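Trainee: dropping the sequence and predicted coords here.
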Amino acid sequence: MSTKVLMKGNEAIAEAAIKSGCRYFFGYPITPQTEISEHLAKRMPKVGGLCLQAESEVAAINMVMGAAAGGSRVMTSSSSPGISLKSEGLSYIVGCDLPCVIVNVQRGGPGLGGIQPAQSDYYQATKAGGHGDMRIVVLAPASVQEMAALTAEAFDIADLYRTPVMILADGALGQMMEPVDFSVSSPRSLPEKDWAAKGHGGKRKKNIINSLYMDPADLERSVHRRFARYADIKDKETRFEEVMTEDADIVIVAYGITSRICKSALNMARSKGIKAGLVRPITLSPFPDAPLKKAAESAKHFLVAELNMGQMVDDVKIAIDCQRPVTFFGRTGGMMPSPEDILEKIEDIVKSL
Amino acid sequence: MVVFEKPKSLSPVPFHYCPGCTHGIVHRLVAEAIDKLEIEGSTIGIAPVGCSVFAYNYFECDMIQAAHGRAPAVATGLKRTRPDSVVFTYQGDGDLAAIGTAETVHAATRGENITIIFINNAIYGMTGGQMAPTTLPGQITTTSPYGRDRKIQGNPIRICEMLSTLDGAAYVERVSVDSPKNIMRAKRSIEKAFRTQLDKKGFSLVEVLSTCPTNWGMSPVESLEWLRTNMIPYYPLGVFKDTTEE
Ligand SMILES: Cc1ncc(C[n+]2csc(CCOP(=O)(O)OP(=O)(O)O)c2C)c(N)n1
Ligand code: SF4
């Protein structure tokens, strides 16, 4: 039986974490993600879990590392400035192949920036989560329902591939109230965490959780092993949504909250007889190259819309090998485009076709 | 008669430490405590960034290698999720008292039920002898080449004195490994720190005054003498906090 509850996006993430068996949360307050830790502070003690407010994001991510090293499902959440502080820990977590879930409810930047929604941490999330040769999995929900469903998925992907997974949301999705159905997620069968540091109990050889390699050949091998796993993730976990792309002349590419604005613009364009379509990446890392490559076979022009100065647009150009012109449209600093703004861009492109 | 047997929880591999470095002695004392309390199977050690980074190779229990200064936060995350395990960190003075000060202070004030072995050798060993937060006034290092001047490089930090003011700290003691007598005292102290954790009494920290002959530019014997005449007066030995009997 499916029951829907009305919830804020941030609360949906928090509740989905609990429903996914996550019993440990370490965080530090920051707007606009605070509802996640506030919800968990209320709920965790009721389910025998722990929500601990750390002294900083640096400490929080390292607490996550300790919990993950011990084999527990664990989550942290923050917003842009706090994610910068987590990047050291994130790099160690990657280097140690530890699973965990990190939420970034983005706000405008750089610096202290603002507290309004933005997508300006796309590069940071997908390319520069921390120092070193590393990638993490980045999931971009576009609704409160998806905040919940992708959080559940994030825990499974993390455990299955021993990688941190980031939910990259934004302040608008975090604060938005929508109905959520928590019953839809179907957990996968996952491997035993026989690598965890939880005490050998005299029953096995000791486990070492470590990211240090003194021999460059060993380090290279470890990075290669991890990148082979990324390739596997790209094969099996890449997710996207396509809307009316089959006959589209103009393909809009947008994710998260921006994709919703673009969908409204798309409908307006279609009612004017413009053949527009939309590809919405759900995994930003791995990036869904295939649907874009396919769309480039028949589409004449791409329009990338983001809440930043143009970050994902690079990945779109790479995906289509620059075979078609790509126009970028973005607002930044917490400013939101209207569907009319996007429609105007579409109409400009139509004129140029 | 066997006089010098390797503790069971110390791995049968050679240390990489310089000749005369006291890291080896302290490793041994930690392993002896683990053996005596028969906790190897439930213990997880956390290695720092510093000369003792390879501690993960030297103890037979499960081990984690943490980022520079973050071991107390990693220990917190682990202990809170596995409260029945025994969690210790092993950290140098740069790791614990400079880059990781916040993690140290907050783990202590929260009263995390973990044990910290804090190696104070008044210098950054691994990176080649730079000034540490615990470098003594007047002490020459590669980044205080004219001697640490309080007006320029500021004052050293006394960790035990500071942490003993925190309600969450249950057992805080400073020991030294400069003489057989002091080594015996350090051994008892480290064992008591682990016992504090086993009894769920809260945060325990043992600061061990140690030597770095290589970067102090002295022989091992001279180093021990220097520790005695210079460090102990500035960092007095003793128990700074003990609430375990309360
Ligand atoms: C974030 C970061 N900054 C700096 C370093 C370089 N570094 C490695 S060890 C070390 C100091 C270690 O000194 P200490 O903690 O006193 O331990 P010792 O080597 O003396 O045992 C530094 C600064 C690092 N590894 N990571
Ligand atoms: S550099 Fe100093 S602290 Fe490091 S191993 Fe050598 S003597 Fe010991």
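Mentor: Received it, and whenever you're ready, just let me know what you need. Ligands and ions are numbered 1, 2, ... in the order given.
Trainee: and the pLDDT for residue 129?
Mentor: As the question left the chain open, I've gone with chain A. With respect to pLDDT, residue A:129 has a value of 94.
Trainee: please go with chain B instead
Mentor: Reported pLDDT for residue B:129: 97.
Trainee: okay, now the closest residue to chain B within the stretch 1-150 of chain A: neighbour count?
Mentor: Proximity of the stretch 1-150 of chain A to chain B (Cβ to the nearest Cβ) peaks at residue A:66, 2.8 Å away. To be clear about C-beta, it is placed using only N, CA and C from the backbone, and glycine gets the same treatment. Applying other Cβ atoms under 10 Å in any protein chain shown, we find 34 other residues in the vicinity of residue A:66.
Trainee: assign a three-state SS to it, would you?
Mentor: Of the three states, residue A:66 takes helix under DSSP: H, G, I helix; E, B strand; the rest coil.
Trainee: leaving out the residues flanking it, which one is nearest to it?
Mentor: Spatial nearest neighbour of residue A:66, excluding adjacent residues (Cβ to Cβ, 6 or more residues apart in numbering or on different chains): residue B:77 at 2.8 Å.
Trainee: can you list the domains in chain A?
Mentor: Recorded structural domains for chain A (assignment: automatic domain parsing) are A:4-188+A:211-237, A:241-352.
Trainee: ok, the first one near ligand 1 or not?
Mentor: Yep, that's domain A:4-188+A:211-237 we're talking about. No: shown here: domain A:4-188+A:211-237 not in contact with ligand 1 (Cβ under 6 Å from any ligand atom), separated by at least 6.8 Å.
Trainee: how far does that domain stretch from start to finish?
Mentor: 27 Å (Cα to Cα, to the nearest Å).
Trainee: next one: stretch A:72-83
Mentor: 22 Å.
Trainee: run the chain-centre distance for that stretch.
Mentor: Centre-to-centre, stretch A:72-83 and its host chain are 12 Å apart (Cα atoms, centre = their mean, to the nearest Å).
Trainee: that stretch and chain B, are they touching?
Mentor: Yes: Stretch A:72-83 lies within reach of chain B by Cβ under 8 Å from any Cβ of the partner chain, at A:72, A:74.
Trainee: the residue in chain B positioned nearest to ligand 1 - nearest residue in space that isn't next to it in sequence?
Mentor: With Cβ to the nearest ligand atom, the shortest gap between chain B and ligand 1 falls at residue B:92, namely 2.3 Å. Nearest non-adjacent residue to residue B:92, counting by Cβ to Cβ, 6+ apart: residue B:50, 3.7 Å away.
Trainee: is it true that the one you found touches residue B:126?
Mentor: Yes: contact criterion Cβ atoms under 8 Å: residue B:50 and residue B:126 qualify, at 5.0 Å.
Trainee: of those two, who's got more company?
Mentor: Between residue B:50 and residue B:126, counting by other Cβ under 10 Å, residue B:50 is the more crowded of the two (24 against 19).
Trainee: for the more buried one, list the residues it contacts.
Mentor: B:68, B:91, B:92, B:94, B:95, B:119, B:124, B:125, B:126 (Cβ atoms under 8 Å, 6 or more residues apart in numbering or on different chains).
Trainee: okay, and the fourth one sits in which element?
Mentor: Using DSSP states H and E, the secondary-structure element containing residue B:94 is helix B:93-94.
Trainee: what is that helix packed up against?
Mentor: Counting contacts by 3 or more Cβ pairs under 8 Å, 6 or more residues apart in numbering or on different chains; DSSP states H and E, helix B:93-94 packs against strand B:115-120.
Trainee: chain center to the helix or strand that the strand it packs on is followed by, what's the gap?
Mentor: Using DSSP H and E, the helix or strand that directly follows strand B:115-120 along the chain is helix B:150-153. A distance of 26 Å separates the centroid of the chain from that of helix B:150-153, by Cα atoms, centre = their mean.
Trainee: do stretch B:119-132 as well
Mentor: With Cα atoms, centre = their mean, you get 13 Å for stretch B:119-132.
Trainee: quick one: that stretch near chain A?
Mentor: No: judged by Cβ under 8 Å from any Cβ, stretch B:119-132 stays clear of chain A, getting no closer than 11.8 Å.
Trainee: so where is the chain shaky, pLDDT-wise?
Mentor: Using chain A here. Segments of chain A classed as low confidence (criterion: pLDDT under 70) are A:1-2, A:184-185.
Trainee: looking at chain B here, not the other one
Mentor: If you take pLDDT under 70 as the line, chain B has these spans: B:1-4.
Trainee: what does it put close to ligand 2?
Mentor: So far as Cβ under 6 Å from any ligand atom goes, chain B lies against ligand 2 at B:17, B:18, B:21, B:23, B:51, B:121, B:125, B:126, B:212, B:213, B:214, B:215.
Trainee: for PyMOL, write the selection for the buried entries among those residues.
Mentor: Restricted to buried positions by 16 or more other Cβ atoms under 10 Å in any protein chain shown, the PyMOL selection for the residues of chain B next to ligand 2 reads:
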select buried, chain B and resi 17+18+21+23+51+121+125+126+212+213+214+215
